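Trainee: Give me coordinates for this.
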Amino acid sequence: MNAAPPYRADIDGLRAVAVLAVLAFHAAPALLPGGFAGVDLFFVISGFLITGVLADALAQDRFSLAAFYQRRITRLLPAYGVVSLAVLAAASYLLIPNDYLFYTTSLAASWAFASNLFFSLSSWGYFGQRSEEFPLLHTWSLAVEEQFYFLFPLLLLLLHRAAPRRTPAALAALAVAALAWSEWHTGPVASYFLLSCRAHELLMGALAAYAVRWRRPA
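Mentor: Just a heads-up that it's a prediction; the model follows:
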């Protein structure tokens, strides 16, 4: 089993700062022009928490992919199911046929945890033209996290079995490579939406989790 981490009030506080920053940016951009950076902070927090759970489970030889994925599903899908149904009901009433077709396609992409891919290919970017008309645009970040949750446990398991003491160094190298890729090999839309261009933020959180483990008393 992969036990839930102990409650961290400081992490919840950081989450609140991240969410409030994003909300303030959307409500009044002039009030907090850089508020969208709350999403970056949220990715770092996610990497930190998930890595802490996985690293502890691996160290104690109780790692279970099935248990990990079950926890992710039960934590995220019920709430997202409610949101999807509520937005679908509103969209069915408010949108014209062409916009409704676009919306239902984005809905299918979001349930496949691929809405970041969908919006990277079919929009002008998160801050682009008509972005306010895409009801599920915000699900791009959920898709990034779910893709990370799917791939990262497998990567960490392989690293743990191959060279456990070198795992942090390997993650640091991947973080640097991901940052370089996002800066020099992708356009602005792709670098905003895609996991490959956000991986360095999640991996920064993962490295922070390993740093905390090193500081634990023996």
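
Trainee: Only C-alpha atoms from now on, for both contacts and neighbour counts.
Mentor: Noted.

Trainee: Identify the residues contacting the helix or strand that contains Leu49?
Mentor: Leu49 is part of helix 38-59 when elements are defined by DSSP states H and E. Outside helix 38-59, the residues that touch it by Cα atoms under 8 Å, 6 or more residues apart in numbering are 1-5, 11, 15, 17-22, 63-64, 141, 145, 153, 156-157, 160, 198, 201-210.

Trainee: Which positions within that helix qualify as buried?
Mentor: Within helix 38-59, the residues scored as buried using 16 or more other Cα atoms under 10 Å are 38-39, 41-58.

Trainee: cool, stretch 86-98 as well?
Mentor: For stretch 86-98, the neighbour count (16+ other Cα under 10 Å) marks Leu88, Ala91 as buried.

Trainee: quick one: contacts of it?
Mentor: By Cα under 8 Å, 6+ apart, stretch 86-98 touches Tyr100, Tyr103, Pro135.

Trainee: Where is the longest helix in this protein?
Mentor: Longest helix in the chain, counting residues (DSSP state H): helix 65-94.

Trainee: now it, how far from the centre of its chain.
Mentor: With Cα atoms, centre = their mean, to the nearest Å as the basis, helix 65-94 stands 15 Å off its chain's centre.

Trainee: That helix to helix 38-59, inter-axis angle?
Mentor: Compare the direction of helix 65-94 with that of helix 38-59 by axes from the mean of the first three to the mean of the last three Cα atoms, to 10 degrees and you get 150 degrees.

Trainee: helix or strand right after helix 65-94?
Mentor: Scanning forward in sequence from helix 65-94 by DSSP H and E, the next helix or strand is helix 97-111.

Trainee: measure the residue nearest to the spatial centre of the chain to Leu101 for me?
Mentor: With distances taken as Cα atoms, centre = their mean, Glu145 lies nearest the centre of the chain, 2.6 Å away. Computed as Cα to Cα, to the nearest Å, the Glu145 to Leu101 distance reads 26 Å.

Trainee: before we move on, what about Arg75?
Mentor: Distance, Arg75 to Leu101, using Cα to Cα: 29 Å.

Trainee: coming back round to it: most neighbours of all the contacts of stretch 86-98, which one?
Mentor: Tyr103 (22 neighbours; other Cα atoms under 10 Å).

Trainee: Let me see the contact set for it.
Mentor: By Cα under 8 Å, 6+ apart, the contact set of Tyr103 is Ala91, Phe134, Pro135, Leu136.

Trainee: and what of Leu156?
Mentor: Leu54, Thr167.

Trainee: Which pLDDT value belongs to Ser131?
Mentor: pLDDT, Ser131: 67.

Trainee: Kindly report the same for Arg216.
Mentor: 63.

Trainee: next one: Gly35
Mentor: 86.

Trainee: Equivalent analysis for Ala59, please.
Mentor: We have a pLDDT of 89 for Ala59.

Trainee: Mind listing residues that contact the lowest-mean-pLDDT helix or strand in the chain?
Mentor: Within the chain, no helix or strand scores below helix 188-193, which has a mean of 84 by mean pLDDT, DSSP states H and E. Identification of contacts with helix 188-193 by Cα under 8 Å, 6+ apart yields 116-117, 119-120, 124-126, 140-141, 144, 182-183, 197-198.
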